[in-house]
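Visitor: sequence first, predicted model second:
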Amino acid sequence: MSLMWVSVSECNQSHIYHLTQMIKDDENLQIVLSYGAPDMDRGDFGLLKRKTEQVLSQLGVPLHLKGCQYLKTAVELCIQNMEELEGITKRLYPDVARIHHTAGETVEHAIRHAIGAAWQRGDEGVQKKLFGYSRMEGKRPTNLEFIYRLADYLQNEEGKYLS
């Protein structure tokens with residue numbers, strides 16, 4: 001069984017067309033319609049939260065850093081709606097900041113710091129798997145690339161979290 005969360009307020013005609021095609025292709029598909037964000041602590045979304053924490057830990061993101069909390073929220077928002085990444089500084093950071101009652105610039109800086117720390121201490125194999133390179137190659141992902149790759153990985157890994 002597949003599960004998809006869909007925000008009614010974010011739906012347009014193109015989304016509805018794709019939803020109907022997906023329903024035709026997969027009779028076991030369940031669609032949850034909502035006007036707000038899903039309750040991420042229940043059911044499959046609780047599993048997503050735990051999986052996100054696990055991957056961040058494997059990547060070496062220190063779980064005590066505020067940037068880690070912001071990354072978890074950013075990834076969850078992107079899994080719900082990948083369009084969040086179209087305007088990372090104008091849309092995603094302010095959305096994360098509202099949830100955590102802080103400023104967008106604070107979110108950006110904390111995430112950059114958490115990624116920097118992770119890149120120095122994380123598992124090179126996991127880095128290579130997710131990004132195609134590791135710290136040994138002298139490269140480090142941008143905030144956008146880090147969030148996008150993590151959200152994409154979690155969507156494809158679970159196979160049921162679609163935006």
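Guide: Here it is on my side, so go on.

Visitor: what segments of this structure are strands?
Guide: Assigned by DSSP state E, the strands in the chain fall at 2-7, 29-34.

Visitor: where in this protein is pLDDT low?
Guide: Low-confidence segments of the chain (pLDDT under 70): 1-14, 29-46, 157-163.

Visitor: if you set the cut-off to 80 instead, what comes out?
Guide: Judged by pLDDT under 80, the chain has its weakly predicted residues at 1-48, 156-163.

Visitor: so for it, the centremost residue is which one?
Guide: By Cα atoms, centre = their mean, the mean C-alpha position of the chain lies nearest to Val75, the distance being 1.9 Å.

Visitor: ok, the residue located most distally from the centre of the chain to Glu108 distance?
Guide: Relative to the C-alpha centroid of the chain, counting by Cα atoms, centre = their mean, Lys24 is the outermost residue, at 27.1 Å. Lys24 sits 41 Å away from Glu108, going by Cβ to Cβ, to the nearest Å. In short, each C-beta sits where N, CA and C put it, glycine included.

Visitor: quick check: Arg135 touching Ala117?
Guide: No - contact criterion Cβ atoms under 8 Å: Arg135 and Ala117 do not qualify, at 11.5 Å.

Visitor: nearest residue to Glu53 in space, please, no chain neighbours.
Guide: What sits nearest to Glu53 in space, not counting adjacent residues and going by Cβ to Cβ, 6 or more residues apart in numbering, is Lys72, at 6.7 Å.

Visitor: scratch that, Ala114
Guide: Spatial nearest neighbour of Ala114, excluding adjacent residues (Cβ to Cβ, 6+ apart): Gly67 at 2.8 Å.

Visitor: test my guess that that neighbour contacts Ile111.
Guide: Yes - counting by Cβ under 8 Å, Ile111 is a contact partner of Gly67 at 4.8 Å.

Visitor: still on that earlier bit, ok, the residue nearest to Glu53 - how many residues close by?
Guide: Neighbour count of Lys72, defined by other Cβ atoms under 10 Å: 20.

Visitor: my guess is it contacts Lys51. True?
Guide: No - the pair Lys72 and Lys51 does not pass the contact test of Cβ under 8 Å, sitting 10.7 Å apart.

Visitor: where does stretch 89-99 sit relative to the chain's centre, distance-wise?
Guide: With Cα atoms, centre = their mean, to the nearest Å as the basis, stretch 89-99 stands 13 Å off its chain's centre.
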